[in-house]
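*Asks:* Provided below are the primary sequence and the corresponding predicted coordinates.
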Amino acid sequence: MFKWLGGLVDSNEKELKQLQSVVERINSLEPEFEKLSDDELLAKTDDFKARLEAGSSLDELLPEAFAAVREAARRTIGQRHFDVQLMGGIILHQGKIAEMKTGEGKTLVATLPLYLNSLTAQGCHLATVNDYLARRDPYWMGPIYHALGVSVASIYPQTPDERSPARLYDPDYDSGKENDRWRHFRPVPRREAYGADITYGTSSEFGFDYLRDNMVIDLSQCVQRPLNYAIVDEVDYLLIDEARTPLIISAPDVEAGERYQKFARIAPALKKDVDYTIDEKERRIKEITDTGFGNVERILKREGILKSGSLYDNEASAVLLHNLRNALNAKEFYKRDKEYVVKDGQVIIVDEFTGRLMFGRRYSEGLHQAIEAKERVKVQQESRTYATITIQNYFRMYQKLGGMTGTALTEAEEFHKIYKLEVVIIPTHKPMVREDFPDQIYKDEEAKFKAVVREVEQLHKEGHPVLIGTVSIEASENLSNKLTKKGIPHHVLNANPDRHEKEADIVARAGQPGAVTVATNMAGRGVDIILGGNPEGQAEAEWQEKHDKVLALGGLHVVGTERHEARRIDNQLRGRSGRQGDPGSSRFYISLGDDVVRRFGGDRVKGFMEWAGMGEDTPIENNLVNRAIENAQVKVEGYYFDVRKHLVEYDDVVNKHRELIYGERRKLLEGADLKANILSMVKEEIQGIVATYAASEYGDGWDMDSLVGEVSTILPLPPALNAAALSQMRPKDIEEKLTELAETFYEQREKELGSDNMRVVERLVMLRTIDGLWVEHLTAMEHMRQGIGLMAVGQRDPLVAYKTAGHDQFQNLLAAIQQGVVHTIFHVSLVKKEAPAPSPMAKAAAPAQPQASLKKQKVKGKKIGRNDPCPCGSGKKYKHCCGR
Ligand code: ADP
Ligand code: MG
């Protein structure tokens, strides 16, 4: 490990040296660019593009392009890129991760590679962590791009008062509203926003658009272009912390479960270590004991859920056991106001890293329902997944990917192994002078928080601004109460997702003299804390006075109230202080009751403390203990890395399937010749049927009645071609005869419908069949994954088992698609007037509210009976397909 790190730092130095020479070249161009008129500067873009056409590479153009951006930035927003910012820009252009400390100006850095890469006109994306930044960044940087003639747009999640969640920077447009940050951003359709040279947006919106694009039934409905180049801001957050939550487009499943409520009542009746055991480290139910099984069976029988037999041999036992585990998980590991909050009758996940509420996200595999049942709120219907992708896999699809963040180094190995992304540490513009004091370790939480409050009280009195980080909402509320009792005015920032703007505001003021701000980890990430507060909205002299006062006091002091599981998150918090050469300080307070200490480093630290004979309120500051805690963190980081790697490996299986299916789908939309394809599918199906019922050459064991029956489900057979007639023929001839018949029939249909219509029919039948079965496939794969997870005790590597089973499942999918198409294509008729009904998937793909629009489809028009053929074209009965 250390050897490896040593290598990393060496190569970093080398890397920086190389960058330095490019930076010098850019600097040498500066006088020349300074002399250009605004028009001449603007004309540079066309000049660069012409040279690209003539064969220059982006790398060759880089020094001049960067010089142009620097000059444009200086002229428009009055910020001239520092040399280290140029370095960061080069790294991003090279498709690597630039580690640049918080406050170093990464927003400005990104303009360099975004402009350079926009010259190829294939689209560049910048992914932000939240919608506030997705709007703020293009608003800040827009004038730079405009000066260079480059278009820039923003996409962000829909809000109640904004129907078209995309805007394009257009200085000619004017909303006419004073103080409107969007004054010159024209609302545009998503497609137009993606058509811009540069598009800023939240990572999930990029991902969702990708999924929706793969659910449309006509190419004109696609909004994205092929994924060319993306820069991911706060890349560690998006690719490491967020990576664990997949994006899902779903619609409610018809069946709701009363079972969840039943099990939510059973779980509290069971006793830990008697009925079941837990693994605290891995946060899972380890085992349900024999006693536990007995007790559960008894209750289930009493409630009439289990009719007879035991939990093992019952038909539904897998489901029941799954429910039971979920209910116990919900009881043991998911605590209200820590992992989730209950708001307006809904269970909302709290982002464990930022403390933000993650609206719309749900725990998968029934855990969310189990928590809802535990909290006695309405258990949401289970839903069917129409499309899903993890953030990781989405970003892995870009031709080139760059990332930036203040904290990447501790996770460099993961970036390298999973994303093949190299981390380069860019030095700060001014030397960092923040002082990080050693941790203070207390015996328990209470003593710790008492000390924190004492410290804050003191600092506040002296006029220091203090930022206090907590790991959970609960902790921030508790601390807030304690501060209130002491009469210390303060702001609390936690889980305020609708109001990033307000959050940004509080953070911006956190640098004022005496300001006390309590924030869950990293809330308000991406927003600057300026010493003296945000100059905006203050008289200059007033701000200067405050600024000087805070400087004299030693800048912002950061208090950490608990070590987070990852050192990276601690560093994020610390990094809020000491920006751009500002003075600052930080200290973490720790207690032996803290999660990370208990779970991973507990015994060593505790042993040490006992040895040191610690009293209640006396902290210790000791390097040995600090090291033990850091080791614990490294252990946890390693553990989570493995978990994520594992997830990626599992995800890769479905990811391959998705690539193949979406690839085929795309070909369909782009107008591939389907007729030949469909006819060869028909031929293959007929071959299959003949091989089944007329296997031998000379009539032994033939079953001509079944053969005729099966073929008739594909296409009508003329009366002359009956079982008796066919049994006189050789298998080869039967095959040929039937195929010929199918082809003739096809031509006939094409004449009836007209060739153009036939092409439409072919495409729709294919799309609907694929879409319907793909949804089933996703569900099947999901179940398989759960099943294999439960089997993990066997000797077989569950991943290998999953891959093998996944392969088979995919083969089944392909076969089912062929079967579905073949069995539908001859039965389709066109009804005039009504446009072809889009498949349920296409409906679910409607950007606004997938769920609502799907519902609408069911109510509208003729009601579909449970036994009718499913309208999705799968060829199955509705109740076995989408109507489940
Ligand atoms: P980061 O994303 O790296 O944390 P930001 O992009 O939020 O940093 O920028 C932090 C602050 O630094 C902003 O107020 C920004 O205007 C300022 N800044 C960045 N680069 C420059 C520059 N070259 N000249 C002047 N101010 C700059
Ligand atoms: Mg930033």
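*Replies:* Great, that's in hand. None of these values were measured; they are calculated from a predicted model. Numbering: from 1, shown residues only. Ligands and ions are numbered 1, 2, ... in the order given.
*Asks:* give me every residue that touches residue 346.
*Replies:* residue 377 (CB atoms under 8 Å, 6 or more residues apart in numbering). Where C-beta positions appear, they are placed from N, C-alpha and C, glycine not excepted.
*Asks:* Show me what it is bridged to.
*Replies:* When assigned by DSSP bridges, residue 346 has beta-bridge partners residue 343.
*Asks:* What's the local residue count around whatever residue of the stretch 601-750 of the chain ends up closest to ligand 1?
*Replies:* Using CB to the nearest ligand atom, the single residue of the stretch 601-750 of the chain nearest to ligand 1 is residue 637, 22.8 Å away. For residue 637, the neighbour count with other CB atoms under 10 Å is 19.
*Asks:* Give me the nearest residue to residue 809, chain neighbours excluded.
*Replies:* residue 780 (5.8 Å; CB to CB, 6 or more residues apart in numbering).
*Asks:* Next up, the contacts around the residue of the stretch 601-750 of the chain closest to ligand 1.
*Replies:* Residue 637 sits in contact with 410, 411, 565, 566, 567, 568, where contact means CB under 8 Å, 6+ apart.
*Asks:* Does residue 701 touch residue 695 like I think?
*Replies:* Yes - using CB atoms under 8 Å, residue 701 makes contact with residue 695 at a distance of 6.6 Å.
*Asks:* and those two? which has more neighbours close in?
*Replies:* residue 695 (12 against 8).
*Asks:* can you give me phi and psi for that one?
*Replies:* phi -70, psi -50 (degrees, to the nearest 10).
*Asks:* Tell me how far it lies from ligand 2.
*Replies:* 68 Å (CB to the ion, to the nearest Å).
*Asks:* Was I right to think that residue contacts residue 689?
*Replies:* No - using CB under 8 Å, residue 695 is not in contact with residue 689; the gap is 11.1 Å.
*Asks:* Now the helix or strand encompassing residue 804: buried residues?
*Replies:* For residue 804, the element it lies in under DSSP states H and E is helix 798-825. Residues of helix 798-825 classed as buried: 798, 801-803, 805-806, 809-810, 813-814, 816-825 (neighbour count, 16 or more other CB atoms under 10 Å).
*Asks:* Stretch 688-699 too?
*Replies:* Neighbour-count burial for stretch 688-699 flags 689, 690, 693, 694 (criterion: 16+ other CB under 10 Å).
*Asks:* ok, and the closest non-adjacent residue to residue 300?
*Replies:* Excluding its sequence neighbours, the residue lying closest to residue 300 (CB to CB, 6+ apart) is residue 306, at 3.8 Å.
*Asks:* doesn't that neighbour fall inside a strand?
*Replies:* No - Residue 306: not assigned to a strand; according to DSSP: H, G, I helix; E, B strand; the rest coil it is coil.
*Asks:* what about it, neighbour count?
*Replies:* Residue 306: 19 neighbours (other CB under 10 Å).
*Asks:* Counting neighbours, what do you get for residue 336?
*Replies:* With other CB under 10 Å as criterion, residue 336 counts 15.
*Asks:* re earlier: how confident is the prediction for the residue nearest to residue 300, by pLDDT?
*Replies:* Model confidence at residue 306, given as pLDDT, is 71.
*Asks:* was I right about it contacting residue 298?
*Replies:* No - using CB under 8 Å, residue 306 is not in contact with residue 298; the gap is 9.2 Å.
*Asks:* can you tell if stretch 567-585 touches ligand 2?
*Replies:* No - Stretch 567-585 lies out of reach of ligand 2 by CB under 5 Å from the ion, never closer than 10.9 Å.
*Asks:* Show the average pLDDT along that stretch.
*Replies:* On average, stretch 567-585 scores 90.
*Asks:* now do the same end-to-end measure for it.
*Replies:* Across stretch 567-585, the terminal residues are separated by 17 Å (CA to CA, to the nearest Å).
*Asks:* buried ones in that stretch?
*Replies:* Those would be 567-580, 582-585, for stretch 567-585 by 16+ other CB under 10 Å.
*Asks:* just checking, which of those belong to helices?
*Replies:* 567, 568, 569, 570, 571, 572, 573, 574 (DSSP state H).
*Asks:* Give me every residue in this protein lying close to ligand 1.
*Replies:* 79-82, 85, 100, 102-108, 528 (CB under 6 Å from any ligand atom).
*Asks:* Out of those residues, which is nearest to ligand 1?
*Replies:* Closest to ligand 1, out of all of these and judged by CB to the nearest ligand atom, is residue 105, at 2.4 Å.
*Asks:* Return the distance of the closest residue in space to that closest one that isn't next to it in sequence relative to ligand 2.
*Replies:* Among residues not flanking residue 105 along the chain, residue 85 sits closest, at 5.8 Å (CB to CB, 6+ apart). With distances taken as CB to the ion, residue 85 is found 12 Å from ligand 2.
*Asks:* what does residue 60 give?
*Replies:* For residue 60, the distance to ligand 2 - CB to the ion - is 30 Å.
*Asks:* Just the endpoints, please. Distance across stretch 282-295?
*Replies:* 25 Å.
*Asks:* which residues make contact with that stretch from outside it?
*Replies:* 269-270, 274-279, 296, 310-312, 321, 324-325, 328-329, 332-333.
*Asks:* and it, which residues are buried?
*Replies:* 285, 288, 289, 292, 293, 295.
*Asks:* try stretch 224-242
*Replies:* Quick answer for stretch 224-242 (16+ other CB under 10 Å): 224, 227-242.
*Asks:* Is there contact, residue-wise, from it to ligand 2?
*Replies:* No - Stretch 224-242 stays clear of ligand 2 (CB under 5 Å from the ion), getting no nearer than 5.9 Å.
*Asks:* hey, C-alpha coordinates of that stretch in PDB?
*Replies:* Output of stretch 224-242 as PDB, limited to C-alpha atoms (Å, rounded to 0.1, in the frame of the first residue of the first chain):
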ATOM      1  CA  GLN A 224     -29.200  13.400 -26.000                       C
ATOM      2  CA  ARG A 225     -26.500  13.200 -28.500                       C
ATOM      3  CA  PRO A 226     -23.900  10.400 -28.300                       C
ATOM      4  CA  LEU A 227     -22.000  10.800 -25.000                       C
ATOM      5  CA  ASN A 228     -18.800  12.500 -25.900                       C
ATOM      6  CA  TYR A 229     -17.000  14.300 -23.000                       C
ATOM      7  CA  ALA A 230     -18.100  14.900 -19.400                       C
ATOM      8  CA  ILE A 231     -16.500  16.600 -16.500                       C
ATOM      9  CA  VAL A 232     -17.900  15.400 -13.100                       C
ATOM     10  CA  ASP A 233     -17.700  18.000 -10.400                       C
ATOM     11  CA  GLU A 234     -17.200  16.700  -6.900                       C
ATOM     12  CA  VAL A 235     -16.300  13.500  -8.600                       C
ATOM     13  CA  ASP A 236     -15.700  11.600  -5.400                       C
ATOM     14  CA  TYR A 237     -19.200  12.300  -4.200                       C
ATOM     15  CA  LEU A 238     -20.800  11.300  -7.500                       C
ATOM     16  CA  LEU A 239     -18.800   8.300  -8.400                       C
ATOM     17  CA  ILE A 240     -18.100   7.000  -4.900                       C
ATOM     18  CA  ASP A 241     -20.800   8.100  -2.500                       C
ATOM     19  CA  GLU A 242     -23.700   8.300  -4.900                       C
END
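*Asks:* what distance separates that stretch from the middle of the whole chain?
*Replies:* 9 Å (CA atoms, centre = their mean, to the nearest Å).
*Asks:* and what of stretch 217-236?
*Replies:* 14 Å.
*Asks:* In contact with the closest residue to ligand 1 within the stretch 351-500 of the chain, which residues are there?
*Replies:* Closest approach between the stretch 351-500 of the chain and ligand 1, counting by CB to the nearest ligand atom: residue 406, at 6.4 Å. Contacts for residue 406 were tallied using CB under 8 Å, 6+ apart; they are 99, 100, 101, 102, 104, 571, 572, 575.
*Asks:* Out of the ones in helices among the buried residues of stretch 567-585, which is nearest to ligand 1?
*Replies:* Taking those together and measuring to ligand 1 by CB to the nearest ligand atom, the closest member is residue 572, at 10.4 Å.
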